[in-house]
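Trainee: Show me how the following folds:
(chains A and B)
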Number of protein chains: 2
Amino acid sequence: MKINSAHGGGGKLMNELIRDVFQSAFSNEILDQMEDAAVFPVPAGRMALTTDSFVVTPLFFPGGDIGRLAVCGTVNDLLMRGATPQYLTAGFILEDGLDTEPLTRVARSMRAAADEAGVQIVAGDTKVIGGRGGLYVNTAGVGFVPAGVEIGVSRARPGDAVLISGFLGNHHAAVLSARMGIANSIVSDCAPLCDMVAAMLRARLTVHAMRDVTRGGLASVLHEIASASNVHIALDGAPLADDQVQGFCDILGLDPLYMGNEGKLTLLLPADEADAALKILRASRYGKDARLIGTVLQSERPLVTARTRSGGSRVIEPLLGEGLPRIC
Amino acid sequence: MKINSAHGGGGKLMNELIRDVFQSAFSNEILDQMEDAAVFPVPAGRMALTTDSFVVTPLFFPGGDIGRLAVCGTVNDLLMRGATPQYLTAGFILEDGLDTEPLTRVARSMRAAADEAGVQIVAGDTKVIGGRGGLYVNTAGVGFVPAGVEIGVSRARPGDAVLISGFLGNHHAAVLSARMGIANSIVSDCAPLCDMVAAMLRARLTVHAMRDVTRGGLASVLHEIASASNVHIALDGAPLADDQVQGFCDILGLDPLYMGNEGKLTLLLPADEADAALKILRASRYGKDARLIGTVLQSERPLVTARTRSGGSRVIEPLLGEGLPRIC
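Mentor: Numbering: from 1, shown residues only, chains lettered A, B, ... in the order given. The predicted structure follows:
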């Protein structure tokens, strides 16, 4: 069945679509009340709230799809503040002509990712617009921040170690390959990073700043941290991509520093805790390739540099607009 | 300046757009931290969470715009559960070619509506897609439900009075008029209904069910309540639209029962509290035309009827797909 404008009209057809596609995939006690707003109990403390929209094409790519992305992206944004993600909302904008078969697959993929991340989708919305069968998904999410946890982009300090949870560029390379019809075995890293973050918090590591490395790549994330904390982040020049992604990058002239990821984080914490953090990251589901990539230095102005192969140092510029073919 | 795909790339151009258009309009202590997720303190109790996407064209119409709509829609959804709205997220999907001037006006309109409703926009996201200058906005919102408040679609009871907070159809008629180039003085009713809901809760009225009357119109809302509560909702046949909107409807063959509104609610509560509720509604900013329109009867199956001019009774069918020209 194809979506048409009647599915957004607020009547019986819309209610059937919501029931058959979304409620059947997301079903839980809170959502199933089908009220204007979900209501649930909350403990006193601190809450984290975030939102993200997803516009990726193709909707399905090696290693994931727009639904898994929409859950993981918002879950990861909550985790980066040290929050335990708990409830999500899902807003769908459907273009005329979209088939309900892929839409159903996307909804089921969202449910699977939500189950993996331990969150529930408790509220939703569906709109239909003109177009050519496209699909856009917004997720917002809430989580709760344990007492004592203070993580933020302005908290990086000279002496911090800079870690990444794995090699970079896989998501970007996988989506580009799918879009350009390039055959390779690169798959997206799209994943919820719950277990690695939970384990680090349980171990009471002094995480200063943490960011998932998404749109704009590591260069953009480190620039945000360098600016907010007024420090110099010096990368040691170690490889940031695995051999296959680096090979893909070399052919197309891409730089993993600017490539988007959907299941990688960078983490800054005191250097004497780096080994403990690496051990935890490497033991987690999506962190086996975690590594130390640099250090934080005192500086009078925000700066990001990387050591070159010749032993010198080059300034890493922030991404201007699009340094490489866009994927989102 | 026109939006192009570089504004969604995660780099400097995107950050400038976010700073100059969104942060400058929404600025508050939480948002200005510019983190992956907003963090704020919450009291123990019950929280309401909801989401809504907005795809209206034209972006500006008599009485409102997509930004005011996006704030009011989500604020009203929270209010309908008895929650006090507090924090919103805003997700923007911009089409290539959109001018930053209308986008800035939309953002400022969101801020003004948020101020009126007493909420803060604390997190946001921006994506750019191909297209022809369009704009889609998602808002999610959280609010807190006072102890003792229990409002839901399944709580309507025989003997309840059915009230509406004002005449219906103005938003639908205003957007249709703008889209079709029809000159009249109909303006959208787009508004946050905070003060009327707060006053009713303060007065400890036993509100059983409450819904804002949006997409699908009053017929759809009453069908949802009749189904969830398994009751017969009998409308007394009193006029639902003001003279101007009714005239507009008569010319175009529209029925106010199925028309969308953005600042009207329907409310079911014990008949002996109806006068007190009407008094409160009529004293509130957007409720001067509040009225009693029907009553709830016992029934073996869900049913919605309306008295006809001849004194008979007709069954109000749920909207199938689109009973009338769509506006969202």
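Trainee: For chain B, what is the nearest residue in the stretch 101-250 of chain A?
Mentor: Nearest to chain B in the stretch 101-250 of chain A, going by C-beta to the nearest C-beta, is A:Gly216, at a distance of 2.7 Å. No exception for glycine: its C-beta is placed from N, CA and C like everyone else's.
Trainee: is it true that that residue touches B:Ala6?
Mentor: No - A:Gly216 sits out of contact with B:Ala6 when judged by C-beta atoms under 8 Å, with a separation of 11.4 Å.
Trainee: Which parts of the stretch 201-328 of chain A are strands?
Mentor: Taking DSSP state E, counting those that start in this stretch, the strands of the stretch 201-328 of chain A run over residues A:209-212, A:232-235, A:265-270, A:291-297, A:303-307, A:313-315.
Trainee: Mean neighbour count and mean pLDDT for those strands - can I get that in JSON lines?
Mentor: Converted to JSON lines, the strands of the stretch 201-328 of chain A look like this (neighbours: other C-beta atoms under 10 Å in any protein chain shown; pLDDT from 0 to 100):
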{"stretch": "strand A:209-212", "mean neighbour count": "25", "mean pLDDT": "97"}
{"stretch": "strand A:232-235", "mean neighbour count": "22", "mean pLDDT": "98"}
{"stretch": "strand A:265-270", "mean neighbour count": "24", "mean pLDDT": "98"}
{"stretch": "strand A:291-297", "mean neighbour count": "20", "mean pLDDT": "98"}
{"stretch": "strand A:303-307", "mean neighbour count": "20", "mean pLDDT": "97"}
{"stretch": "strand A:313-315", "mean neighbour count": "11", "mean pLDDT": "95"}
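Trainee: out of these, which comes closest to B:Val296?
Mentor: Distances from B:Val296 to each of the strands of the stretch 201-328 of chain A were compared using C-beta to C-beta; the shortest belongs to strand A:209-212, at 49.9 Å.
Trainee: what's the domain layout of chain A?
Mentor: As recorded under automatic domain parsing, the domains making up chain A are A:5-145, A:153-315.
Trainee: Give the other helices and strands that the helix ranked longest in chain A contacts.
Mentor: Ranked by residue count, the top helix of chain A under DSSP state H comes out as helix A:100-117. Helices and strands touching helix A:100-117, as assessed by 3 or more C-beta pairs under 8 Å, 6 or more residues apart in numbering or on different chains; DSSP states H and E, comprise helix A:24-26, strand A:64-65, helix A:66-79, strand A:84-95, strand A:120-129, strand A:135-145.
Trainee: okay, the ones you listed, which one's buried deepest?
Mentor: Ranked by mean neighbour count, the helices and strands packed on helix A:100-117 are led by helix A:66-79 with a mean of 29 (mean count of other C-beta atoms under 10 Å in any protein chain shown).
Trainee: what about it, distance to the chain center?
Mentor: Centroid separation between helix A:66-79 and its chain, computed with C-alpha atoms, centre = their mean, to the nearest Å, is 5 Å.
Trainee: again with stretch A:139-152
Mentor: On C-alpha atoms, centre = their mean, the centre of stretch A:139-152 falls 15 Å from the chain's centre.
Trainee: start to end distance for it?
Mentor: The distance separating the two terminal residues of stretch A:139-152, taken as C-alpha to C-alpha, to the nearest Å, comes to 22 Å.
Trainee: which residue packs closest to the residue positioned nearest the centre of chain A, ignoring adjacent ones?
Mentor: Centre of chain A computed as the mean C-alpha position; nearest residue by C-alpha atoms, centre = their mean is A:Gly73, 3.5 Å away. Closest residue to A:Gly73 apart from its sequence neighbours, by C-beta to C-beta, 6 or more residues apart in numbering or on different chains: A:Asp52 at 4.7 Å.
Trainee: List the strands paired with the helix or strand hosting that neighbour, with their directions.
Mentor: When elements are defined using DSSP states H and E, A:Asp52 is found to belong to strand A:45-54. According to DSSP bridges, the neighbouring strands of strand A:45-54, each with its direction, are strand A:135-145 (antiparallel), strand B:38-42 (antiparallel).
Trainee: Need the residues that contact the shortest one.
Mentor: It refers to strand B:38-42. With C-beta atoms under 8 Å, 6 or more residues apart in numbering or on different chains as the contact definition, strand B:38-42 has outside contacts at A:42, A:44-50, A:81, A:83, A:145, B:30-31, B:87, B:89, B:122-123, B:144.
Trainee: That strand vs strand B:84-95, what angle?
Mentor: Following axes from the mean of the first three to the mean of the last three C-alpha atoms, to 10 degrees, one obtains 170 degrees for the angle between strand B:38-42 and strand B:84-95.
Trainee: and A:Leu201, how far is that from B:Gly124?
Mentor: Here the distance between A:Leu201 and B:Gly124 works out to 26 Å (C-beta to C-beta, to the nearest Å).
Trainee: Ok, A:Arg157 next?
Mentor: With the distance defined as C-beta to C-beta, A:Arg157 ends up 28 Å from B:Gly124.
Trainee: and stretch A:9-29, does that touch chain B?
Mentor: Yes - Stretch A:9-29 comes into contact with chain B when judged by C-beta under 8 Å from any C-beta of the partner chain, the residues involved being A:Gly9, A:Gly10, A:Gly11, A:Lys12, A:Leu13, A:Met14.
Trainee: can you tell me the distance between the two ends of that stretch?
Mentor: The straight-line separation of the ends of stretch A:9-29 (C-alpha to C-alpha) is 26 Å.
Trainee: Also stretch A:205-215?
Mentor: For stretch A:205-215, the end-to-end distance is 27 Å (C-alpha to C-alpha).
Trainee: For that stretch, what is the distance to the chain centroid?
Mentor: Its chain's C-alpha centre lies 11 Å from the corresponding centre of stretch A:205-215 when counted by C-alpha atoms, centre = their mean.
Trainee: Also stretch A:199-208?
Mentor: The mean C-alpha position of stretch A:199-208 is separated from the chain mean by 20 Å, C-alpha atoms, centre = their mean.
Trainee: quick one: buried residues of it?
Mentor: Residues of stretch A:199-208 classed as buried by neighbour count (16 or more other C-beta atoms under 10 Å in any protein chain shown): A:Ala199, A:Met200, A:Leu201, A:Leu205, A:Val207, A:His208.
Trainee: Quickly name whichever of the residues you listed is closest to B:Val315.
Mentor: Ranked by distance to B:Val315 (C-beta to C-beta), these are led by A:Leu201 at 57.6 Å.
Trainee: what's near enough to touch that closest one?
Mentor: Contacts here follow C-beta under 8 Å, 6+ apart; on that basis A:Leu201 touches A:Gly82, A:Pro146, A:Val149, A:Val207.
Trainee: Can you tell me, leaving aside adjacent residues, what's nearest to A:Ala284?
Mentor: Quick fix: residue A:284 is Ser, not Ala. Closest to A:Ser284 by C-beta to C-beta, 6+ apart is A:Met196, at 3.7 Å.
Trainee: Look up which helix or strand the one you found falls in, please.
Mentor: Using DSSP H and E, A:Met196 falls within helix A:194-202.
Trainee: would you put the C-alpha positions of that helix in CSV?
Mentor: Taking only C-alpha atoms (Å, rounded to 0.1, in the frame of the first residue of the first chain), the coordinates of helix A:194-202 have been written out as CSV:
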residue,chain,number,x,y,z
CYS,A,194,24.8,2.6,26.3
ASP,A,195,26.9,-0.1,27.7
MET,A,196,30.3,1.6,27.3
VAL,A,197,29.0,4.9,28.9
ALA,A,198,27.2,3.0,31.8
ALA,A,199,30.4,1.1,32.5
MET,A,200,32.5,4.2,32.6
LEU,A,201,30.1,5.9,34.9
ARG,A,202,29.9,2.9,37.2
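Trainee: on that earlier part again, secondary structure and neighbour count for the residues of stretch A:9-29 next to chain B - can I get that in JSON lines?
Mentor: What follows is the residues of stretch A:9-29 next to chain B, written out as JSON lines (DSSP: H, G, I helix; E, B strand; the rest coil; neighbours: other C-beta atoms under 10 Å in any protein chain shown):
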{"residue": "A:Gly9", "secondary structure": "coil", "neighbour count": "26"}
{"residue": "A:Gly10", "secondary structure": "coil", "neighbour count": "25"}
{"residue": "A:Gly11", "secondary structure": "coil", "neighbour count": "24"}
{"residue": "A:Lys12", "secondary structure": "helix", "neighbour count": "17"}
{"residue": "A:Leu13", "secondary structure": "helix", "neighbour count": "19"}
{"residue": "A:Met14", "secondary structure": "helix", "neighbour count": "23"}
